[in-house]
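Trainee: Would you be able to build a 3D model of this:
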Amino acid sequence: MPGRGRGGRGGRRGPGASSEFLSQASEQVQPVHGQGFFYVGYRYIAYYLVFDYIDPLGYYDAVLRDERLYEEETTKLYYNMQELVDQEEVVVNGERVRPRVEMVDIGFRGSRSRVFIVFALRFRAPLRRGRNVYENRYEPEEIEYSYEAYWVFPPGSRVLSVDMGPGSEDWDIVGESTLAIYGRRGGRTGGYERIEFQLP
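Mentor: Numbering: from 1, shown residues only. Have a look, this model is predicted:
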């Protein structure tokens, strides 16, 4: 499977946590925010999904102190995310494409109780100069935590139109070649995305 990030933390060593603690602590981990960063090239689209969590009992602190637990956790996260993206129907210029998870990493934001998990994904896409259309169909769902997604296109590109389906997400085109999408907690995803854009 693709590699997991190391983040310069070196080999994880330390006393192992009990199975009982790990089970209880994992149940207390709560997602609080998400961000996506999409980068469009001429033959591919690469993106990073970053999820923030509150971890009051230190589940991920225990995981990152133990090499075996870290490998097990990142492997589980990899397959769970790959299963999710496999359920999406992603189409570029009428051709089905297959996003693949390339990396998973876990870290902290200034405190052991504030955890982030990042996924790096990419896929080959039949993009061309001129007009292109990206579409994604997936199961609509309630938005459990707020998030933002940013699409960055090459210099000289133009975002021509955006359709986020019947959900509650908002979006804004910035400087013609950057698209920002906003989902707010308590809203609902539309189950469909369509971005029409022009590459130079």
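
Trainee: where does residue 23 land in three-state SS?
Mentor: Put simply, residue 23 is helix when judged by DSSP: H, G, I helix; E, B strand; the rest coil.

Trainee: For it, give me the pLDDT.
Mentor: Residue 23 is assigned a pLDDT of 92 by the prediction.

Trainee: which ones are touching it?
Mentor: For residue 23, the contact set (CB atoms under 8 Å, 6 or more residues apart in numbering) is empty. C-betas here are computed from N, CA, C, even on glycine.

Trainee: Buried ones in stretch 178-189, by neighbour count?
Mentor: Neighbour-count burial for stretch 178-189 flags 179, 181, 183, 188, 189 (criterion: 16 or more other CB atoms under 10 Å).

Trainee: Just the buried positions in stretch 114-126, please.
Mentor: Buried, per 16+ other CB under 10 Å, within stretch 114-126: 115, 116, 117, 118, 119, 120, 121, 122, 123, 125.

Trainee: Below-threshold pLDDT in this structure: ranges please.
Mentor: Along the chain, segments meeting pLDDT under 70 span 1-16.

Trainee: can you give me the strands in it?
Mentor: In the chain, the strands defined using DSSP state E lie at 30-40, 44-54, 89-92, 95-97, 100-108, 114-124, 130-137, 147-152, 158-163, 170-174, 178-183, 192-199.

Trainee: For the first one, name the packing helices and strands.
Mentor: In this case it means strand 30-40. With contacts taken as 3 or more CB pairs under 8 Å, 6 or more residues apart in numbering; DSSP states H and E, strand 30-40 sits against strand 44-54, strand 147-152.

Trainee: could I get these as JSON lines with mean neighbour count and distance to residue 33?
Mentor: Compiled in JSON lines, the helices and strands packed on strand 30-40 are given as follows (neighbours: other CB atoms under 10 Å; distance: least, CB to CB, whole Å):
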{"stretch": "strand 44-54", "mean neighbour count": "17", "distance to residue 33": "4"}
{"stretch": "strand 147-152", "mean neighbour count": "18", "distance to residue 33": "7"}
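
Trainee: Put together a markdown table for those strands, with distance to residue 130 on each row.
Mentor: Formatted as a markdown table, those follow (distance: least, CB to CB, whole Å):
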| stretch | distance to residue 130 |
| --- | --- |
| strand 44-54 | 17 |
| strand 147-152 | 18 |
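
Trainee: Of the ones you listed, which is nearest residue 21?
Mentor: Closest to residue 21 of those is strand 44-54 (CB to CB; 17.3 Å).

Trainee: and the closest one, what does it pack onto?
Mentor: So strand 44-54, by 3+ CB pairs under 8 Å, 6+ apart, packs with strand 30-40, strand 114-124.
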